Every structure is written in C-alpha cells, then in structure tokens.
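Peer 1: Sequence and computational prediction follow.
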Amino acid sequence: MVGKYFQDKRFLIKTLISVGALFVLLFSFSVFGLLFNPFLCAVLIGEMFRRKDETKINLKSADSLIGLVLCVLLAYCFFQKWYHSPAIESIALMFHISRAIIVVFFALLFSACAFFALQFAVKCGRKKLSMDWPEPDNNSAGSALFPILVCLISAFGVIAVCSKSSFIYPFNDWDDPNCFFTVGKSMMNGVVPYRDLFEQKGPLLYLMHGLAWLISNDTFFGVYILESVCAFAFLYGSYKVLRLYCDRRIIYVIPILAAICYTSLPFKDGDSAEELSLPFLVFSLLIFIRSMKNGTILNKKDSILIGILSGCVFWIKFSLVGMYIGWYLVFAISCLMNKQVRNLFSVTVYIALGVGISTLPFLIYFGVNHALFDWYEVYIYDNLFLYSEESTGTITNVLTGFGHFVEKNKTVYNLCLAGILLAFFERKKTNMWYYPMMMLCTLSLVYMGGRRYRYYSFVMDAFSACGIICMYKLFLKDVFDRSGLLLKKKVTMAILLIVVVLVSFYLTPNRYLFGVKREEVPQYHFASIIKQEEEQTLLNYGFLDGGFYTTTNIIPNCKAFCKLNIELEEMHDMQNYYVENGLCKFVVSKGELETDNYSLIEKMTFPYNDTEQTFYLYKRIDSK
C-alpha cells in the first residue's frame, strides 16, 4: 500500500512537471521543451493505459471539459508563438510544406498529450490532493505577531529594492504613477478630477496618491509607503489564504512569494493600478475560498464585504473586477440549477449594498462639486469607447492577451496553472468551476480591449496563493517535515529575509538607477531651474506625465496637463492653445517646439529602461 502511494505520487509529480513544461517552456521557444515533453507525456499516457481500471477517463465529465478548454488555449498560444519562428520557416522550406500545417500539427499533438497527461494527474491526484483536507495545525506556539512581522519586513524590504518609488532610487520616471500623483496632489488642493484635470483612472487611485502626497510633496517617498503597505496587505492576505489548507510553517514561503511577484516584468517600475488593487483582490479571494472550503454560501457580512472590496477595485480600475464576475457567474448558475433563488437574491442585494457603501463617498464628492457627469464621461464612457484599440475582435484580443500573460509573467502563470489544478481536486463539483472561471474572467476583462501593456498581467498575482497550496501538498509539506525549520525559526527567517531582499535587488530590472543622484535626473534638474522663477506654471506638452509636476510640486493650470493614450482632439487643441498663447511660464516637451512664444533654455537626455529619453525645457519670452 505504501509503495503504491509513492508510485502514484511519483507519477503525479512527473505529470505536473510535464504539463507545466508544456505551458511554460514552449512559450520561450525552447527546443528542449519540444523534445522533452512528448517523451514524458508518452510515458505518462502509457502508465495511464497500464492502469486503466484506476484512471479511466470520462470525456463527458467536468474534469475533461475544463481540461479541454485549457488545452485549446494551449494550442492557440502555441500557434501564435511558433508560427513566425525562423526554425519553423526553415523546416517548411526544407520539406516544401506550409509552415501553418507544421505548427497546427504540433499544436494539436502537444495539446492532446497535455490533455491526457492532465487527466492522469487528476485521477491520481484526487486521492491525495483533495481539497477536503484535515484542519491545519493551529497550535499557537510562537507569537501570532510573527507572520505579521514577516509580511511587513518582506513588503517594505522587497519594495525598497524593486520599486523606483523607493528612497534608494532617485525618482520613479514611469508616466503612469506621475499621472496618478499629479491628479492626487491636485485633488488635495481643491482641483476636481475629470472636471478640472483629464485623466482616465479611478478616483480611489487618485485619493490614495493624494494621501501619499501629504507625506512627501516632491518625491515618491509617500508612494513608497503606499506601495509597501499594499504589498504587506497582499502578502498577509495570501498567508491567510494559505493557512486555510496549510500549517503555520507556510510563512516561510511568503518572502519568496514577495520576490517572485515584485521582481517580475509586469511589476514594471512600481506603482501601477494593478499593484494597488492586489490587497482588495486577495482578501476577496480569501472570503471566496473560505466559503467554498466550508461548503456554505456567503453570509450577510461577507457579502457586504465583497461588495465593498469589489467597489474599491472598480474605483481604482474597473477592468480589474473580473474575479468577482467569474465568481458570481458560477454562483448564480449554481443557485438557479439548485432552485436556490432566495439565496441568490439575498447575496446579490448585500453585495450591491457593499458596492453602494464604497461608491457613496465619491457620489457625494462629485455631486457637491457638480462633476457627476464629468466623472461618468471620462471614467466610464471614454474608457469603454475611446481607450480600446482597433482589433480583430474581442475573442482574439483575449486569446492574444492570454499568450501575452504567459510570455511576460511565466512564474505567476505557472502558479495560476497549479491553482487551476485545485479545481480538479475539489470534491464538490460546483466548486471546481470557481477557480478557472475567476481567472478566465480576470484575464478576459483585462485584455478584451486589445491593449497589452506588460503590467496588465500583474493582477493575476492575486491567485498565486492557490498554486502554492497545490505545491504545499505535493512536496512542500514533506520538505518542512524533514527540515525541522521550526526549531530555529527566527534565525532561519532572518537569513531568508536577508537573502530574499538581496536576490530581489539582483533580479529587479530597475536596479540600473541605483546610485544615480537626484540632480542627475532631468525631472529634478529642470525643477531647480523652474523654482528660481516667481511664476511657476508648467505644461507637460505632447507626452504622458514625465514627472515634472511632481518634482516642482506644481498644480497644473491646464485641464489637458499631459497627453494621454486616449486620442481626444480637444485635449490636443487645448495644449496647443496654451502654447500659442503663452499661458504657462514653462513648457516641457520631448521634441523641439516651433513657437515664437518660448525659447529653449535646457535640454537633457537620460536612460529609461532599455531606451533613452530626451527632454526639452522651454521658457516663455516675456516682453520687457
């Protein structure tokens, strides 16, 4: 019996490695993946047929349906990634075969291998990885403060080395955070977003940056505090999710999770809307998983809380609420199928009440300032109908976005894949739909507009804990049992935290700014010139907010304070009007201006990630 257990577990781990490799290695154009995966999948499929009595597949089951959907996505992404490969083109020319035929053939082959291997993993794994696990060890040995301190140190330490908002870097020169900071600062000084300044993110995001401005007026130190607090909340929320199924030793994974998330490419320069939404999303996930684990629907308190949390995410960036849509779709269908209309109605009403609670402050704020229509027009209408790019269709956008997520965020993608596997190990059939649906709706809502900025997929980090739960049951628990980490947990954790911070500093792509002085950055150099003048008015002309409003602590006097990604002719005309009439003392641009009202007084080039940016500072020519 013991031998059979280890045999099952051994083949299960091989299966997970194989499926994971299929989903990860192939997207990095790995020839090793092409050679290795079919062989290992063949071994696993052979084992499945050898033990066909134990691993018989029901193609009509929900397991097979979810697996089929995943494999179709794999086939599409495989085709998308390999179709333009020079290697495939060379093979096609050599054998005089259309490269489309070659790629389609291998896409179907690998998808079929993945499907059968995944079904085998389900059959073997359901016996050992069922979500119906014993309650975790809740022994209170050790202070309850320990996990909080670990999450706190991990958050502040990793953000300090990974985010450009940190005090160890001279400035966060990413456009988006500077837009948020400018509007938040203006909001704190009586300027009303949307009505007086044109920017298309949510009001809660501006409010958060307004509070950061109160900490530091002309640096990103307040934003560093904001990011660190949000990272702490995300890590602690992830820990609480993990504790639903893992013992307290899982805290040792938290610093590593911080490094994985915040050194990734989608983290970018730090301070994205996706990053600041993670705490709300992960605590929502905690409520959802806890209700699934207990086999109950959301009670009144949790329903209202979900409404508040989803409302907060909506008023940060509404395209990030896919998790809630996915959960609600499964919940509503389940209630209707089981004739539990009363439960559906009550939960819906309480969630709506929670959304109303999170919305009421903004209704009052914009209502008092006579800006309700401006709020709706810019944040809702313009984002829905003007921000999306022209594309070949919503479904194509989503599928292409899925491939983009896999390419840009491979590690978190692998964790999400492991998290979806939890769906297969659910004993309650309804619950197995929640995980894939929440993830699918999150990705769909993010990418359906056709844009694919690399930070978009950072929202998927909210599901990282689901994958870690699966990994814990597979091998982490055995590692903890054999290593005796609890004997000297404080020393072990201290070493781990130091190592994680140092490794994060080595891995972050933002490290190139370390050691650069503030006066060497164009934003602070130009600010030193502007602050010498009595009149300090500024226009960021023709490009996204470059941070010059931040370093000068200037509140824009032009509604079109910078050029956004939304193409509005009136905003372009407004900026030109201000330049033509000399309505600002200074103008900063990324190109030379053709105007008689301003003279060039400074020019500076500075690296930005893998490129260089040149900024021009113009000063108005005043008549004497």
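Peer 2: In hand now; what should we look at? Nothing here was measured: the structure is a model prediction, and the numbers come from that model.
Peer 1: where exactly do the helices run in the stretch 501-624 of the chain?
Peer 2: 522-530, 548-552, 569-580 (DSSP state H, counting those that start in this stretch).
Peer 1: no no, the stretch 301-450 of the chain
Peer 2: 322-337, 341-368, 372-375, 383-385, 394-408, 410-424, 434-447.
Peer 1: So which elements touch the longest one?
Peer 2: Looking back up the chat, that one is helix 341-368. Other helices and strands packing on helix 341-368, by 3 or more CB pairs under 8 Å, 6 or more residues apart in numbering; DSSP states H and E, are helix 203-215, helix 300-314, helix 322-337, helix 372-375. In short, each C-beta sits where N, CA and C put it, glycine included.
Peer 1: Tell me the first helix or strand C-terminal of the first one.
Peer 2: Along the chain past helix 203-215, the next helix or strand (assigned with DSSP states H and E) turns out to be helix 221-242.
Peer 1: contacting residues around whichever helix or strand comes after that following helix?
Peer 2: Counting by DSSP H and E, the next helix or strand C-terminal to helix 221-242 is helix 254-262. With contacts defined as CB atoms under 8 Å, 6 or more residues apart in numbering, helix 254-262 is touched by 147, 150-151, 154-155, 158-159, 162-163, 231, 234-235, 238-239, 267, 411-412, 415, 458, 461, 464-465, 468, 493, 496-497, 500, 503-504, 507-508.
Peer 1: buried set for the helix or strand just after helix 254-262?
Peer 2: Following helix 254-262 in sequence order, the next helix or strand is helix 273-294 (DSSP H and E). Buried residues in helix 273-294, counting neighbours by 16 or more other CB atoms under 10 Å, are found at 273-289, 291-293.
Peer 1: Run the chain-centre distance for helix 273-294.
Peer 2: Taking CA atoms, centre = their mean, to the nearest Å, one finds helix 273-294 lying 13 Å from the centre of the chain it belongs to.
Peer 1: What average pLDDT does it get?
Peer 2: Averaging pLDDT along helix 273-294 yields 92.
Peer 1: repeat for stretch 332-346
Peer 2: Here the average pLDDT along stretch 332-346 is 91.
Peer 1: Please save the CA atoms from that stretch in CSV.
Peer 2: Taking C-alpha atoms only, stretch 332-346 is exported to CSV below (Å, rounded to 0.1, in the frame of the first residue of the first chain):
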residue,chain,number,x,y,z
ALA,A,332,-25.7,32.4,-9.9
ILE,A,333,-25.8,29.4,-12.2
SER,A,334,-25.4,27.0,-9.3
CYS,A,335,-28.2,28.7,-7.4
LEU,A,336,-30.5,28.6,-10.4
MET,A,337,-29.8,25.0,-11.1
ASN,A,338,-30.4,24.0,-7.5
LYS,A,339,-33.5,26.3,-7.2
GLN,A,340,-31.9,28.5,-4.6
VAL,A,341,-33.3,31.7,-5.9
ARG,A,342,-33.7,33.2,-2.4
ASN,A,343,-30.0,32.7,-1.7
LEU,A,344,-29.0,34.3,-5.0
PHE,A,345,-31.3,37.3,-4.4
SER,A,346,-30.1,37.9,-0.8
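Peer 1: Touching that stretch from outside, list them.
Peer 2: With contact meaning CB under 8 Å, 6+ apart, stretch 332-346 is reached by 297, 300, 303, 331, 430.
Peer 1: list the contacts for the closest residue to the second one other than its chain neighbours?
Peer 2: It refers to Lys300. In space, Lys300 comes closest to Tyr350 once its chain neighbours are excluded; the distance is 5.5 Å by CB to CB, 6 or more residues apart in numbering. Residues near Tyr350 by CB under 8 Å, 6+ apart: 298, 300, 303-304, 307.
Peer 1: No further queries at this time; thank you.
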